[in-house]
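> Kindly return the folded structure for what I paste below:
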Amino acid sequence: MAVRPWSPAPSVSVSYERSLKAYLHTRGLPAPRADPDDACACPAARVDGRAFGDELAHSGHVLGDVTTGLSFGLRVGGAGFGLLGVAAATAPTLRDSVRQLQRFESLTSTLGHMTVRPHGHHLVSLCWQPADPDTPPAVAEAILAGWVSFGRYLLDERVDVVGVGFAHRAPASVSAYEAALQSPVRFGVGLNSVTLAANLLDAKPRFAEPTISEALDDWLDRCTLGVATPPQRQPTARRVAQVLAGRMALAQANEESVATVMQLSRRTLQRRLTEEGSSFRALLDAARAQHAIVGVLRGGVSLSQLGAEIGFDEQSSLCRAFRRWTGFAPLAVKSRLQPMYSELRSVPMT
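Numbers count the residues shown, from 1 in each chain. As a prediction, this is how the structure comes out:
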């Protein structure tokens, strides 16, 4: 009997799930449960992907609207992407934005996988394959509509989409989908995809800031290690990332305290992380970076307080670390990106 390869249960980030709940609230469904603000930006905070898909499908049934997934995708745009959205939005070209989303898609969701397929010299398709064949069609509609909405937002102009294809059958009038997506739409084509003119990938996003985008790559790599790596291959690094993300104040985090939470000795923790090609210092630095960048973009807290929250005794220490993480001082990043970040995280009211 063949043994099936291990695969993690599909999941989505808390930020993406909260975006769905916020959107459904605008449609008249119960308000989302209040969660700590930091959790919505925490890459290691996850919710069950199957439950997310079922909630999206069930909400459409309750609302009597089979296009709820489509509507959610168009409204949420990049809200669920968090800092991955910032990295994509600051990339030098749309092609680089797509690469960011491909490379770090597990930070937002493990519901499926994105691939890019060229069609000759003039067209390119962004394709999405669900990890679970039983994934509700509404999820595929939300994913593809989110790509279209996010792309148009990044380029600050109407993006001509050559066509959108869905693997499932049409749940409603095709014309309704074409009007919403401003594109020809086909159903039952065997592949979920958005097709664009290939030269559109060379377009420059309106928030392009390559220095910031490149600087974020390093800690996004570490976040991906903590979130998406199969437990059999990187169990300790993943558990450390989760502890740092939601179970311990970063100002008090050190190898000893984290090892205690994980019921390990400090030496065992060090040895296991070394065997996995990681280190506690690298994981802590990634957790500090995400907390600091989110805090600066969100606003409402002083730099000295923000530094204290992640274990820096002096504001100058935070500023030096911030330059290392992003290539810029905190206030420079805030002035450049805060309006974009706020819009990426908002769900328009109807």
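
> what separates Ile143 from Trp128, distance-wise?
When Cβ to Cβ, to the nearest Å is applied, the distance between Ile143 and Trp128 equals 5 Å. All C-beta atoms are positioned from the backbone trio N, CA, C, and that covers glycine.

> shared neighbours of these two, which are they?
Common neighbours of Ile143 and Trp128 are listed as 112, 192 (criterion: Cβ atoms under 8 Å, 6 or more residues apart in numbering).

> Run the chain-centre distance for the helix or strand hosting Tyr177.
Assigned by DSSP states H and E, Tyr177 belongs to helix 174-181. A distance of 26 Å separates the C-alpha centroid of helix 174-181 from that of its chain, computed with Cα atoms, centre = their mean, to the nearest Å.

> same question, stretch 125-137
Its chain's C-alpha centre lies 17 Å from the corresponding centre of stretch 125-137 when counted by Cα atoms, centre = their mean.

> Which is the succeeding secondary structure element to the helix-or-strand element of the chain with minimal mean pLDDT?
Of all helical and strand segments in the chain, the minimum by mean pLDDT, DSSP states H and E falls on helix 210-228, at a mean of 71. Note on helix 210-228: by DSSP H and E, the next helix or strand toward the C-terminus is helix 235-246.

> any low-confidence regions in the stretch 1-150 of the chain?
1-9, 31-45, 77-80 (pLDDT under 70).

> where exactly do the strands run in it?
For the stretch 1-150 of the chain, the strands identified by DSSP state E, counting those that start in this stretch occupy 11-13, 46-48, 112-119, 123-130, in order along the chain.

> next one: the stretch 201-350 of the chain
Secondary structure of the stretch 201-350 of the chain (DSSP E, counting those that start in this stretch): no strands present.

> Tell me where the model's unsure across the stretch 201-350 of the chain.
Across the stretch 201-350 of the chain, residues meeting the criterion (pLDDT under 70) sit at 218-219, 222-234, 246-247, 343-350.

> switch the cut-off to 80
For the stretch 201-350 of the chain, residues meeting the criterion pLDDT under 80 lie at 215-235, 238, 241-242, 245-248, 290, 298, 336-350.

> Please identify the deepest-packed of the strands of the stretch 1-150 of the chain.
Mean neighbour count (mean count of other Cβ atoms under 10 Å) peaks for strand 11-13 among those, with a mean of 25.

> elements contacting that strand?
With contacts defined as 3 or more Cβ pairs under 8 Å, 6 or more residues apart in numbering; DSSP states H and E, the packing partners of strand 11-13 are strand 46-48, helix 49-63.

> again, only this time at 10 Å
Judged by 3 or more Cβ pairs under 10 Å, 6 or more residues apart in numbering; DSSP states H and E, strand 11-13 is in contact with helix 14-26, strand 46-48, helix 49-63, helix 210-228.

> Good, we can wrap up now.
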